[in-house]
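1. Just to be clear, the model below is a prediction. Sequence and coordinates:
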Amino acid sequence: MKRASQLGIKINVAILDDGGQLVHFHRMDQAPILSIEIAQNKAYTAVAFGLPTHEWYPLIQKEPPLREGIVHTPRLVIFGGGFPIKIEGDVIGGIGVSGGSTEEDIACCLAALSLIE
């Protein structure tokens, strides 16, 4: 949230455990209401697949059947702002940020993850 304040944006932040269950959520005052669920789904996608959400589109962009079909998977997000939380290579949870641009959401996730390192 500190990084979001520096960027002048209002975000929602979701932290999930390794089973995809919400363990922490924070909505900054005036953060977009629609972004509440998006933040949670970004974290869920990151936990479920162990990949940052922004890595999805490059994997599917040249595969039309996959690209058109997989986006209908509940809770799957294929744009930036979700990262797995890893300790010694093991996924122990996920973080999802929504409320800014893709680049801003990614920057906020990276700032939070740097605190773990």
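-> Now that the structure is in, tell me what you want to look at.
2. where do the strands sit along this protein?
-> Using DSSP state E, the strands assigned to the chain run over residues 12-17, 22-27, 82-87, 90-98.
3. Can you pull out the residues in contact with stretch 109-117?
-> 2, 3, 13, 52, 81, 82, 83, 85, 87, 95, 96, 97 (Cβ atoms under 8 Å, 6 or more residues apart in numbering). Where you see a C-beta, it was placed from the backbone N, CA and C, and this is true even at glycine.
4. Restrict that stretch to CA atoms and write it as PDB.
-> Only the C-alpha atoms of stretch 109-117 are listed here, as PDB (Å, rounded to 0.1, in the frame of the first residue of the first chain):
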ATOM      1  CA  CYS A 109       3.200  -6.700  -5.800                       C
ATOM      2  CA  LEU A 110       6.900  -6.600  -6.200                       C
ATOM      3  CA  ALA A 111       7.200  -4.000  -3.400                       C
ATOM      4  CA  ALA A 112       5.300  -6.300  -1.100                       C
ATOM      5  CA  LEU A 113       7.300  -9.400  -2.100                       C
ATOM      6  CA  SER A 114      10.600  -7.600  -1.500                       C
ATOM      7  CA  LEU A 115       9.500  -7.300   2.100                       C
ATOM      8  CA  ILE A 116       9.500 -11.100   2.400                       C
ATOM      9  CA  GLU A 117      13.000 -11.400   0.800                       C
END
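5. How far does stretch 1-19 sit from its chain's centre?
-> Distance of stretch 1-19 from its chain centroid, counting by Cα atoms, centre = their mean, to the nearest Å, is 9 Å.
6. May I see the buried residues of it?
-> Using 16 or more other Cβ atoms under 10 Å as the test for burial, stretch 1-19 gives 1, 3-4, 7, 9-17.
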